[in-house]
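K.L.:
Prediction below, plus the sequence it came from.
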Amino acid sequence: MDPLSELQDDLNLEDTNQSLSQLKLASLDDKNWPADEVPVFPKSEDTNHSPEPVTHLRWDDPYYDIARHQIVEVAGDDKYGRKVILFSACRMPPSHQLDHVKLLQYLKFTLDQYVESDYTLVYLHHGLTSENKPSLSWLRDAYREFDRKYKKNIKALYIVHPTMFIKTLLILFKPLISFKFGRKIFYANFLGELEEHVKLEQLGIPSQVLKYDEYLKSLQKPSQVPQKPTPPRPPLPNQQFGVSLQHLREKSSDQAPIPLVVRETIAYLREHALTKEGIFRRSASTQMVKEVQQKYNMDVEESNRVDVVRKTLQTLPEENYQVLRFLMAYLAEVSTYSDVNKMTNTNLAVVFGPNLLWDKDVAITLKAINPINTFTKFLLDYQGEVFQDVEA
């Protein structure tokens, strides 16, 4: 779908056309942003009387005047062990009271402590108003200030409560944003959509944003509001993750107090990684972590999985099966040149997975993509065995 057409969903036609027309007339050198369209949100009673945020910096620290607003905060780790940097737009004071150049310097100062390792950035958009918005030219310069050192290890930028304008702004900045970085940007319409990836209770989300999130949910139809997670399923017979240590010991054949995954991981590290420079400094690939967890939880031999997948694929319509078989054979050939083209089975799965498995009535979500990519990679890893004809 054309990006500008997609934005029509956010507002009615008249408002959208007016906003986009305004955007076309604005240049990056203008000092004012085009107007942002957000629902009228009743201000909370304590908005003007909330206590002033505190900071760990001394009053004579060069960045104290910026840090005291708590616009930029380190908010623990995400669910993959990566540091989370939280940027709260609602905490930005009016523009005439804030040195935006110094704010950028403070943001870089904060990130400098973590950019050598993988990290996640969460931007809370609610609260950015005509009074506290920086200029577009400042935003452009800020993006350019963040060179490869800052961009290479950021694994995700979550934009929470995006408006039509922030989406349009990204289109405006598209010539400046690399394809690689663009794939790391995700929208979260509600805070609940972050729960799979970050620990919300550690973020220290401003009360103003929490109330706004509840307000937005109250405006939605029941089917549009994220539902509460279903009760957890009983653990799998051989599950290793998401269960207690007591459970693992009871299920262990030798009643060992140390879980199998811990023993095998440390044994591998002792043999292969004790002299590895920077061991533990970098987080593992999220996809790889999920794959390893799944293998431990399922405890299924690869040969058995191949047999199950082969028989399952045989139930596809003949045309679908033959096209899939032909495509996988070609992609497997592509991966044999991965040392040159950089397209490993994992990378190919990321590109082709969402195009192979989809539901015409349901939009693909981050939660659905991981198992799809994992299955596609399995097809590529075992392409020769999976597509052998099943004997009668």
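P.N.:
Nice, I can see it.
K.L.:
so how far is the helix or strand containing Trp138 from its chain's centroid?
P.N.:
In the assignment (DSSP states H and E), Trp138 maps to helix 136-145. Remark: helix 136-145 is offset 23 Å from the chain centroid, using C-alpha atoms, centre = their mean, to the nearest Å.
K.L.:
again with stretch 79-96
P.N.:
The answer for stretch 79-96 is 15 Å, by C-alpha atoms, centre = their mean.
K.L.:
end-to-end on it?
P.N.:
38 Å (C-alpha to C-alpha, to the nearest Å).
K.L.:
What are the buried residues along it?
P.N.:
80, 82-92, 95 (16 or more other C-beta atoms under 10 Å). Quick note: C-beta positions are derived from backbone N, CA and C, even for glycine.
K.L.:
What is the lowest-pLDDT residue among those residues?
P.N.:
pLDDT across those is lowest for Tyr80, at 79.
K.L.:
Go ahead and confirm that residue touches Lys290.
P.N.:
No: applying C-beta atoms under 8 Å as the test, Tyr80 and Lys290 come out as separate, 9.3 Å apart.
K.L.:
Now tell me which helix or strand of this protein has the poorest mean pLDDT.
P.N.:
Every helix and strand of the chain was ranked by mean pLDDT, DSSP states H and E. The lowest is helix 3-6, at a mean of 34.
K.L.:
for whichever strand or helix holds Phe186, which positions count as buried?
P.N.:
Using DSSP H and E, Phe186 falls within strand 185-188. Within strand 185-188, the residues that qualify as buried are 185, 188, counting by 16+ other C-beta under 10 Å.
K.L.:
mean confidence score for it?
P.N.:
pLDDT averaged over strand 185-188 gives 88.
K.L.:
Which residue ranges make up each domain of the protein?
P.N.:
Following automatic domain parsing, one finds the domains of the chain at 3-219, 233-283, 300-392.
K.L.:
Gln294: which of those is closest?
P.N.:
Distance to Gln294, taken as C-beta to C-beta, is lowest for domain 300-392 among the domains of the chain, at 6.9 Å.
K.L.:
ok, so what distance separates the residue nearest the centre of the chain from His197?
P.N.:
For the chain, the residue nearest the mean C-alpha position is Ala156 (4.4 Å; C-alpha atoms, centre = their mean). To His197, Ala156 is 7 Å away according to C-beta to C-beta, to the nearest Å.
K.L.:
With Tyr330 instead?
P.N.:
Using C-beta to C-beta, Tyr330 is found at 33 Å from His197.
K.L.:
same question, Val160
P.N.:
Val160 sits 12 Å away from His197, taking C-beta to C-beta as the criterion.
K.L.:
So if I had to pick from the two, which one is more boxed in?
P.N.:
The residue with more neighbours, out of Val160 and His197, is Val160; 26 against 22, by other C-beta atoms under 10 Å.
K.L.:
Can you read off the backbone torsions of that one?
P.N.:
For Val160, the backbone dihedrals (degrees, to the nearest 10) come out as phi -100, psi 140.
K.L.:
Bridge partners for it, pull those for me.
P.N.:
Applying DSSP bridges to Val160 gives these bridge partners: Leu124, Ala188.
K.L.:
And the pLDDT for it?
P.N.:
Value listed for Val160 in the pLDDT field: 93.
K.L.:
Ok, Gly384 next?
P.N.:
89.
K.L.:
Equivalent analysis for Leu7, please.
P.N.:
34.
K.L.:
where in the stretch 51-200 of the chain is pLDDT low?
P.N.:
51-60 (pLDDT under 70).
K.L.:
before we move on, back to that, doesn't the residue nearest to the centre of the chain fall inside a strand?
P.N.:
Yes: looking at Ala156 with DSSP: H, G, I helix; E, B strand; the rest coil, it is inside a strand.
K.L.:
close enough to count as contact, it and Ala188?
P.N.:
No: between Ala156 and Ala188 there is no contact, the gap being 10.4 Å when judged by C-beta under 8 Å.
K.L.:
which outside residues touch the helix or strand hosting Arg249?
P.N.:
Assigned by DSSP H and E, Arg249 belongs to helix 245-251. Contacts with helix 245-251, where a contact means C-beta atoms under 8 Å, 6 or more residues apart in numbering, come from 235, 237-238, 240, 255-257, 259-260.
K.L.:
how far does that helix sit from the chain's center?
P.N.:
Centroid separation for helix 245-251 versus its chain: 32 Å, with C-alpha atoms, centre = their mean.
K.L.:
buried ones in the helix or strand following that helix?
P.N.:
Downstream of helix 245-251, the next assigned helix or strand under DSSP H and E is helix 260-272. Of all the residues in helix 260-272, those buried under the rule 16+ other C-beta under 10 Å are 260-261.
K.L.:
Other residues contacting the helix or strand following helix 260-272?
P.N.:
Remark: after helix 260-272, the chain's next helix or strand is helix 286-298, criterion DSSP H and E. The contact list for helix 286-298, computed with C-beta under 8 Å, 6+ apart, reads 80, 155, 236, 238-242, 260-261, 346, 350, 370, 373-374, 377.
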